[in-house]
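Q: only geometry, no sequence info:
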């Protein structure tokens, strides 16, 4: 295992202006390439402290990845400090300079000497071209007193760092690994993390190759299956075997074998079937539509939606009967059914999805978390009652995730749901 | 200035399962109490590495704040390691034990010995009661060889850490400060960070007391004004003076003097005037309604909305004329005007807000970022064209933020907008 440490440089992190999502991203990806992360550090734009932290990190790790401090301003000193540390000169990378010129030309501007500073890299280092900004990254492999020490410098902005990391750094790690590693990310909704672990106990306990790891977030669980082999084919074959085992043990709570968000999987399914969907949202206030429409290309599948926060809107735009609102109230299975059928009819979509419930705080405690989710199709309408715990935000998020997941289940196997529900 | 270092403990951070938002929160708040944060570190659930990091941190800092590792499992070793480091025994805190009993009783369960481990604290430390979980925090003030060393231990889950930090830790820092510190957070929309800095140049350059700091996020800027004084009144008076200076220089791009999000400020204004609002969203797909309804108590002000991703929905639910859609297309000032007036009429709200535009990717590059925002009131409808840069996500976010801000401006000073716009 290649021991790695992440050293992030930037006063904006120490001032709390941003969270260290760069370190999170890198930490999440590296195990796929057979590396382990043992420390993160954050230091300000200060040469002395940066040098001290770099020295400490290189004592403990095989590779130190730095993030940030490659920009054009005087604050951006990562490259200079690290080049000095290794006793290397900074030299200009011609391709990076050309890209800086082209970047400014496109905007009808001229680069300043400060901008050109970004094209400097420590001599002998491997340049990592930046497709989304002007500062290249680089990989320094130390020599002499620094034999065996490796530093990978990456830019701080996530939109520059992530593509550069994916394009160059993962390959670099894979090239250092003795064997080929392949991973699959299985996404699960409707089964909690401890239940997933219990079901996979036999696999997790005896794991050697492939290995299994679970993560939980927003009511969903991800299982990573990673295998190593002498060739990529060999590793892939082992991952396929492991994935099959997980599929057998978990069943149809799995909604994706391709690390998709629930909304990505649902938009994909809808597009595959040339179907359209619309949403009637009460407590989620637009969150479900917002999630679906965040998927590029969603416009082919998402017709629209109604946010019906008041009884009047439920009646007027969705056709919920006044009698239903009076006798059952807006938070009821009957209202949810009429909302789902109402949005489907109003918009003319193939599927109508509705949610109504109590997210708090302006309601009696015992009611907070009571939620109805309804799905109307051409053949039937299915409504299910849920009970969620947590803050207002969490109840809204769990409602959105479960509405998307229930729709996916009904599309996959409608017969299981017909003539059931409330 | 009290030098502080944040040491976060948890393998879930090193695996990238979560970002270190605890460190961000603490770093953002401490300057208000006169402290500076110089390093963040993250270490796994490993006693040796934790002890080594703690020692290094205490050499560099006056106070080390640890986050995480206070839970009931064997992994949770922060308290034991730190007590050993200081040569202190762990003793039971009676009130914390009582709270653990009551926590489990409420759920009809019994606490296990592991749960009770959480009520142990290093002898002589100040206990920080946990109102949102079972593990207390604590403050250790070292003696003997450890004279002058202070460690504050906080639980990892943000919903436990944030209230505990706000309730106890800020006061602890204030009590150590020689003087009283008071801050005000001024929120700005519609004026970029560099322009804000230029306008405040005179204040920022000459700053001693109060001091001014700017932060930018999602097209908005925050200016923090902090002053110190012998008494809170004295500091408050200086902050008021500084805030007035900023208000004079920035003008009505300021939407809040109370650190509110734009949606919080808008919901507050609507509730103060007993007015209701509704949204017709195309490219934002529900994001605006979702933001407004995320504010607790929003139901008094938000009537509802329509997500109109297709021309058919724009026509059917919002009453946009077919002729408008054919002659002007859905991304036009005319369509936006009809959407805003349409949602206002359909829902019967006091204000109707509409957005339409191109977020990408399925459109010619030169069109991506073209956005129309319209606000319909009882007296007039105002429509404005915007041009945003960035990713699909960023264009959607900037559209939502600017729609909320434009509505706020029109409510504050309608006469400036009447008979104008497109």
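A: In hand now; what should we look at? These numbers come from a predicted model, not from an experiment.
Q: which parts of the stretch 151-300 of chain A are strands?
A: Taking DSSP state E, counting those that start in this stretch, the strands of the stretch 151-300 of chain A run over residues A:180-189, A:211-217, A:220-229, A:254-256, A:277-281.
Q: and of those, who's closest to chain B?
A: strand A:211-217 (4.9 Å; C-beta to the nearest C-beta). The C-beta positions use only the backbone N, C-alpha and C, and glycine is treated the same way.
Q: is any part of that closest one close to chain B?
A: Yes: contact of strand A:211-217 with chain B (C-beta under 8 Å from any C-beta of the partner chain) involves A:213, A:215, A:217.
Q: show me which of these are buried.
A: A:213, A:215 (16 or more other C-beta atoms under 10 Å in any protein chain shown).
Q: for the residue nearest the centre of chain A, give me its contacts.
A: With distances taken as C-alpha atoms, centre = their mean, residue A:261 lies nearest the centre of chain A, 7.6 Å away. Residue A:261 sits next to A:187, A:291, A:295 when contact means C-beta atoms under 8 Å, 6 or more residues apart in numbering or on different chains.
Q: kindly recompute the last result at 7 Å.
A: Going by C-beta atoms under 7 Å, 6 or more residues apart in numbering or on different chains, residue A:261 touches no other residue.
Q: equivalent analysis for residue A:292, please.
A: A:263, A:266, A:267, A:298, A:302.
Q: can you count the residues close to the nearest residue to the third one once chain neighbours are set aside?
A: Read it as residue A:267. Nearest non-adjacent residue to residue A:267, counting by C-beta to C-beta, 6 or more residues apart in numbering or on different chains: residue A:295, 4.5 Å away. Neighbours of residue A:295 under the rule other C-beta atoms under 10 Å in any protein chain shown: 21.
Q: quick check: residue A:295 touching residue A:263?
A: Yes: checked against C-beta atoms under 7 Å, the pair residue A:295 and residue A:263 is within contact range at 5.6 Å.
Q: how far does the helix ranked longest in chain A sit from its chain's centre?
A: When chain A is scanned for its longest helix (criterion: DSSP state H), the result is helix A:392-412. Centroid displacement of helix A:392-412 relative to its chain, using C-alpha atoms, centre = their mean, to the nearest Å, is 17 Å.
Q: for residue A:361, give me its contacts.
A: A:392, B:296.
Q: work out for me the element it sits within.
A: Assigning secondary structure by DSSP states H and E places residue A:361 outside every helix and strand.
Q: repeat that for residue A:37.
A: With DSSP H and E as criterion, residue A:37 is part of strand A:35-43.
Q: still on that earlier bit, any idea of the angle the longest helix of chain A forms with strand A:211-217?
A: 120 degrees (axes from the mean of the first three to the mean of the last three C-alpha atoms, to 10 degrees).
Q: near chain B, which residues of the stretch 201-350 of chain A are found?
A: Neighbours of chain B within the stretch 201-350 of chain A, by C-beta under 7 Å from any C-beta of the partner chain: A:215, A:285-287, A:289-290, A:293-294, A:296-297, A:299, A:302-310, A:312-313, A:316-317, A:346-348.
Q: which among the residues you listed count as buried?
A: A:215, A:285-287, A:289-290, A:293-294, A:299, A:302-310, A:312-313, A:316-317, A:346-347.
Q: can you give me the helices in the stretch 151-300 of chain A?
A: Using DSSP state H, counting those that start in this stretch, the helices of the stretch 151-300 of chain A run over residues A:158-164, A:170-176, A:193-205, A:232-250, A:262-272, A:287-293.
Q: redo those as JSON lines? Include distance to residue A:57 and mean pLDDT.
A: As requested, these are arranged in JSON lines below (distance: least, C-beta to C-beta, whole Å; pLDDT from 0 to 100):
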{"stretch": "helix A:158-164", "distance to residue A:57": "18", "mean pLDDT": "94"}
{"stretch": "helix A:170-176", "distance to residue A:57": "17", "mean pLDDT": "92"}
{"stretch": "helix A:193-205", "distance to residue A:57": "31", "mean pLDDT": "88"}
{"stretch": "helix A:232-250", "distance to residue A:57": "30", "mean pLDDT": "96"}
{"stretch": "helix A:262-272", "distance to residue A:57": "36", "mean pLDDT": "97"}
{"stretch": "helix A:287-293", "distance to residue A:57": "39", "mean pLDDT": "97"}
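Q: residues in contact with residue A:347?
A: With C-beta under 7 Å, 6+ apart, residue A:347 has these contacts: A:278, A:303, A:304, B:313.
Q: in helices, which of those residues fall?
A: Those of the contacts of residue A:347 lying in helices (DSSP H): residue B:313.
Q: closest one to residue B:119 out of the contacts of residue A:347, please.
A: residue A:278 (51.7 Å; C-beta to C-beta).
Q: beta partners of that closest one?
A: residue A:304, residue A:352 (DSSP bridges).
Q: do I have it right that it meets residue A:345?
A: No: under the criterion of C-beta under 7 Å, residue A:278 is not in contact with residue A:345, lying 9.6 Å apart.
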